[in-house]
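Student: Let me see the structure of the following:
(one chain, ligands or ions: 1)
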Amino acid sequence: MLTFKDVTFRYPEDKEAMMTDLSFQVEQGEFVSLIGASGCGKSTIFRLINRLLEPDSGEIFVGGQEIHKIRSYAGYMPQKDLLFPWRTIEKNLCLPMEIQKIDKEEQRRRSGEVLKEVGLEDYRNKYPKDLSGGMRQRISFARTLLTDADLMLLDEPFSALDALTRMDMQEWLLNQWEHFHKTILFITHDVEEAIFLSQKIYIITETPITHLEIVEVPENYPRKRDFLRRPEMETLKAKLTMQLRKQVM
Ligand SMILES: Nc1ncnc2c1ncn2[C@@H]1O[C@H](COP(=O)(O)OP(=O)(O)OP(=O)(O)O)[C@@H](O)[C@H]1O
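Tutor: Predicted coordinates for the structure are as follows:
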């Protein structure tokens, strides 16, 4: 689904490259978390996929095609929901479709459908202020779904939520993933969140990034949270935490 092939990138202001000859793949339908110390380049990888930045060399492919040759191949969900407070939930969901000049009836139909999928159809005419943090992130996820892209880039979407809502949202997200069969690349700082959610964890171990270390999480879905308390998972959690701390020290 996603391929980085020998990608090199340096911010123009920086002396050193952020990544050199970085290659990795994410397969269709996978749930992959991307972890690494603060400032190591996780969001830069997302910006390269979104084409907010261009590599100095190398290629990025989605679905086997070079990304500069295709449109609407990735949906992006940021940490903050970025909903407009003066627009109703429906109007917020319709905004990207308005920009694409999609017919009003079709906008209503599609936003209604997706609101039902995320369990918030009764909130169509409410405003963002009427919703809890978790609900707003569900709306933000719904808006990402409306891009119709198979690849979803989720950048720490739950980091601003309280611990209990965050757990609910993690379980909710896994249900959505199983339902929609999307490919998810998920940035998090939380090692336990990465283990609970993903099939594979890609770790940035150094900058410039030359490779990603890959760890597989040996647990089938649907997952129950108590698998995190098993000794081998505690060991994995300790190993990943140590790896991240080593980068900071
Ligand atoms: N526009 C820019 N110009 C120059 N340097 C930048 C720019 N944007 C980011 N950087 C630097 O690039 C590095 C990687 O930033 P990036 O946002 O990708 O890190 P991150 O791993 O996502 O960090 P965090 O976990 O804190 O969100 C940082 O050191 C940052 O200061």
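
Student: where do the strands sit along the chain?
Tutor: 2-9, 19-26, 31-35, 57-62, 65-66, 74-77, 151-155, 183-187, 200-203, 213-216 (DSSP state E).

Student: Direction included, what does the fourth one pair against?
Tutor: Paired neighbours of strand 57-62 in the sheet (DSSP bridges): strand 2-9 (antiparallel), strand 65-66 (antiparallel).

Student: Equivalent analysis for the third one, please.
Tutor: Applying DSSP bridges, strand 31-35 is found paired with strand 183-187 (parallel), strand 200-203 (parallel).

Student: what sits against the residue most central in space within the chain?
Tutor: Geometric centre of the chain, nearest residue: Leu154, 1.6 Å, by C-alpha atoms, centre = their mean. Listed by C-beta atoms under 8 Å, 6 or more residues apart in numbering, the contact partners of Leu154 are Met77, Thr144, Leu173, Ile184, Leu185, Phe186, Ile187. C-beta: built from backbone N, CA, C; applies to glycine.

Student: Can you spell out which residues form a bridge with it?
Tutor: Applying DSSP bridges, one finds that Leu154 bridges with Met77, Phe186.

Student: how much space between the residue lying farthest from the centre of the chain and Lys42?
Tutor: Centroid-distance maximum for the chain: Glu105 at 29.6 Å, with C-alpha atoms, centre = their mean. Distance, Glu105 to Lys42, using C-beta to C-beta, to the nearest Å: 40 Å.

Student: Excluding chain neighbours, what is closest to Tyr73?
Tutor: Nearest residue to Tyr73, sequence neighbours excluded (C-beta to C-beta, 6 or more residues apart in numbering): Val62, at 4.3 Å.

Student: My read is that the one you found contacts Leu2, right?
Tutor: Yes: using C-beta atoms under 8 Å, Val62 is in contact with Leu2, at 5.7 Å.

Student: Export the strands of the chain to TSV and append columns for mean pLDDT and distance to Ile49.
Tutor: Formatted as TSV, the strands of the chain follow (pLDDT from 0 to 100; distance: least, C-beta to C-beta, whole Å):
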stretch	mean pLDDT	distance to Ile49
strand 2-9	98	7
strand 19-26	98	10
strand 31-35	97	11
strand 57-62	97	6
strand 65-66	96	12
strand 74-77	92	6
strand 151-155	96	6
strand 183-187	97	8
strand 200-203	96	13
strand 213-216	95	18
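
Student: For the ligand, which of those is the nearest?
Tutor: Closest to the ligand of the strands of the chain is strand 183-187 (C-beta to the nearest ligand atom; 6.7 Å).

Student: can you tell me if that closest one touches the ligand.
Tutor: No: applying C-beta under 6 Å from any ligand atom, one finds strand 183-187 out of contact with the ligand, separated by at least 6.7 Å.

Student: Begin at 545 from now on, thanks
Tutor: Happy to do that; since the first residue is 545 now, the last one works out to strand 727-731.

Student: who's in contact with that strand?
Tutor: 545-546, 570-579, 586-587, 590, 593, 694-701, 721, 738, 741-742.

Student: circling back to that earlier point, turn the contacts of Leu698 into CSV, columns for distance to Phe771 and neighbour count.
Tutor: Converted to CSV, the contacts of Leu698 look like this (distance: C-beta to C-beta, whole Å; neighbours: other C-beta atoms under 10 Å):
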residue, distance to Phe771, neighbour count
Met621, 26, 22
Thr688, 27, 21
Leu717, 17, 21
Ile728, 19, 24
Leu729, 22, 24
Phe730, 18, 24
Ile731, 22, 20
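
Student: Any regions of the protein where pLDDT drops low?
Tutor: Residue ranges of the chain with pLDDT under 70: 791-793.

Student: isn't Tyr746 right up against Val576?
Tutor: Yes: here Tyr746 reaches Val576: they are 5.8 Å apart, a contact under C-beta under 8 Å.
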